[in-house]
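A.B. asks: structure for the following, please:
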Amino acid sequence: MMAEANFYCKSSDKIMITKSNTLVEAGYDLTMAEHDLMTLAINKIHKLQSGGKQVMITAKEFAAANQVSDIYAYKTLKDTAKTLGEKKLKFTLYRDLSIISDKEEDKLSVLKPPHNNFTTLRAEYNWLQGISYQDQQGYLLLHFSDPLAFLIEHTGKAYTKYDYVKTVAFTGASSKRIYELITKWQKLGSTPEMSIFEWKDLFGVADKYPKVAEFRRRVLDPAIEQINKQGDFKLEIAPIKAGRNITHFRIDISVKKKTDTAEISESSVKMLHLLTASQASTFAVKLANDTNFGSKFARSGESMNAFISRISQELQREQDKVTLYMPYLSKLGFKC
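C.D. replies: This next block holds a predicted model:
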């Protein structure tokens, strides 16, 4: 118990976080304290490799990792215990149609199948099954939900790694979320182009900020400003328009100083030549109308509009699909 209690200590000049890419790209609305707590807890249970779904975070650990006083840490953990149990986590599930089973859950996974015979759905779960605060001893006991425990167990398959200490000075959860996201995509030089809804869903504010300018002013711009001041990256928001209206954002990434504190898994590095939203939209239509391509990749019962939409999303987000489709893309005039 003592080794577990002292996992994070004040003598650490680096705290390397290893987080599943599914969590990096998941949609949720946590306060900064909740985000910090869950990041440290998820990383701790992953590094300890205990194989369980329960982890302890002490106030002294939280204070050491976040460079705050023990008194602040005690109060933060106690307050967080009252709110975190109700918070939701949204992420993509894959339904593998090649699996024959009477149980629907056997077909579902957070990991993308190594073939095209699957559908996707957006799942919503609680982060935790339970949470308790031990006042006298000053620690939280977190009981992870089954989906979150599964993500932690499979972190090694696709992950993002960064130094937590570099995020301590940030004053908002959105800054920490974007820092994780750009760390994942830094070797590509930009994030994918994502719709306004997708960006808002990432931060758990899909029902807020009806005006794009307000969302950018309240969420994106302050986070970008803080990260630019931090010094590892130079970020610029690139708005994409359809006519006069902004429909998508992309964040362009320049690495200002290279360090050994950020890395992404090999499965993430492979993503090298994703298409822009405009390119994907154009070539998805061409691919869907190509007889040879359609006979091989269209799914049974899939409408033409659904086929085009799926191909467009794959071209923007899945390098293995871009690689798979490249012979057809080349014949249709696409140039890398």
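A.B. asks: got the residue ranges for the strands in the stretch 151-300 of the chain?
C.D. replies: Here the stretch 151-300 of the chain has its strands, by DSSP state E, counting those that start in this stretch, at 159-163, 194-195, 233-242, 245-255, 263-264.
A.B. asks: of these, which stretch is the most buried?
C.D. replies: strand 159-163 (a mean of 22; mean count of other Cβ atoms under 10 Å). Using the backbone N, CA and C atoms, a C-beta is placed for each residue, glycine as well.
A.B. asks: show me what contacts the nearest residue to Glu86 once chain neighbours are set aside?
C.D. replies: Excluding its sequence neighbours, the residue lying closest to Glu86 (Cβ to Cβ, 6 or more residues apart in numbering) is Asn126, at 7.5 Å. Each residue near Asn126 by Cβ atoms under 8 Å, 6 or more residues apart in numbering is listed here: Gly85, Glu86, Lys87, Lys88, Leu89, Ser145.
A.B. asks: does Thr120 touch Asp96 like I think?
C.D. replies: No: applying Cβ atoms under 8 Å as the test, Thr120 and Asp96 come out as separate, 10.8 Å apart.
A.B. asks: so between the two, which is more surrounded?
C.D. replies: Taking neighbours as other Cβ atoms under 10 Å, Thr120 and Asp96 compare with Asp96 leading, 18 against 12.
A.B. asks: re earlier: weakest of the strands of the stretch 151-300 of the chain by average pLDDT?
C.D. replies: Mean pLDDT values for the strands of the stretch 151-300 of the chain show the minimum at strand 263-264, a mean of 51.
A.B. asks: what about this protein, any weak spots by pLDDT?
C.D. replies: By pLDDT under 70, the low-scoring segments of the chain are 1-6, 11-12, 51, 257-273, 336.
A.B. asks: domain ranges for it?
C.D. replies: Using automatic domain parsing, the domain parsing of the chain gives 1-85+125-168, 88-124, 172-271, 275-331.
A.B. asks: any idea how far the nearest residue to Val212 once chain neighbours are set aside lies from Ile240?
C.D. replies: Leaving out its chain neighbours, the residue that sits closest to Val212 by Cβ to Cβ, 6+ apart is Ile246, at 5.1 Å. To Ile240, Ile246 is 7 Å away according to Cβ to Cβ, to the nearest Å.
A.B. asks: try Glu318
C.D. replies: In this structure, Glu318 and Ile240 are 19 Å apart, going by Cβ to Cβ.
A.B. asks: with Leu140 instead?
C.D. replies: Separation of Leu140 from Ile240 (Cβ to Cβ): 42 Å.
A.B. asks: ditto for Phe307
C.D. replies: Distance from Phe307 to Ile240, by Cβ to Cβ: 23 Å.
A.B. asks: what does Leu108 give?
C.D. replies: Distance, Leu108 to Ile240, by Cβ to Cβ: 32 Å.
A.B. asks: repeat for Leu329
C.D. replies: Going from Leu329 to Ile240 by Cβ to Cβ gives 21 Å.
A.B. asks: repeat for Ala149
C.D. replies: Distance from Ala149 to Ile240, by Cβ to Cβ: 37 Å.
A.B. asks: list the buried residues in the host helix or strand of Val322.
C.D. replies: Per DSSP states H and E: Val322 is located in helix 319-331. By 16 or more other Cβ atoms under 10 Å, the buried positions in helix 319-331 come out as Gln319, Lys321, Val322, Tyr325, Tyr328, Leu329.
A.B. asks: same question for stretch 8-19.
C.D. replies: By neighbour count with 16+ other Cβ under 10 Å, stretch 8-19 contains the buried residues Tyr8, Ile15, Met16, Ile17, Thr18, Lys19.
A.B. asks: just the buried subset of the contacts of Asn126, written out for ChimeraX, thanks.
C.D. replies: Filtering the contacts of Asn126 down to the buried ones (16+ other Cβ under 10 Å) takes a single ChimeraX command:
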select :85,87,89,145
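A.B. asks: just the contacts of Asn126: which are in strands?
C.D. replies: Among those, the members falling in strands (DSSP state E) are Lys88, Leu89.
A.B. asks: in TSV: the contacts of Asn126, plus distance to Gln313.
C.D. replies: Supplementary listing: the contacts of Asn126 in TSV, determined by distance: Cβ to Cβ, whole Å:
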residue	distance to Gln313
Gly85	33
Glu86	31
Lys87	27
Lys88	23
Leu89	21
Ser145	27
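A.B. asks: tell me the one among the contacts of Asn126 nearest to Ile45.
C.D. replies: Ranking these by separation from Ile45, with Cβ to Cβ as the measure, puts Ser145 on top at 12.9 Å.
A.B. asks: give the other helices and strands that the longest helix anywhere in the chain contacts.
C.D. replies: Counting residues, the longest helix found in the chain (DSSP state H) is helix 32-48. In terms of contacts (3 or more Cβ pairs under 8 Å, 6 or more residues apart in numbering; DSSP states H and E), helix 32-48 is packed against strand 16-20, strand 54-58, helix 59-66, helix 70-83, strand 139-144, helix 146-153, helix 173-185.
A.B. asks: and the ones you listed: which comes nearest Glu198?
C.D. replies: Nearest to Glu198, of all the helices and strands packed on helix 32-48, is helix 173-185, at 11.7 Å by Cβ to Cβ.
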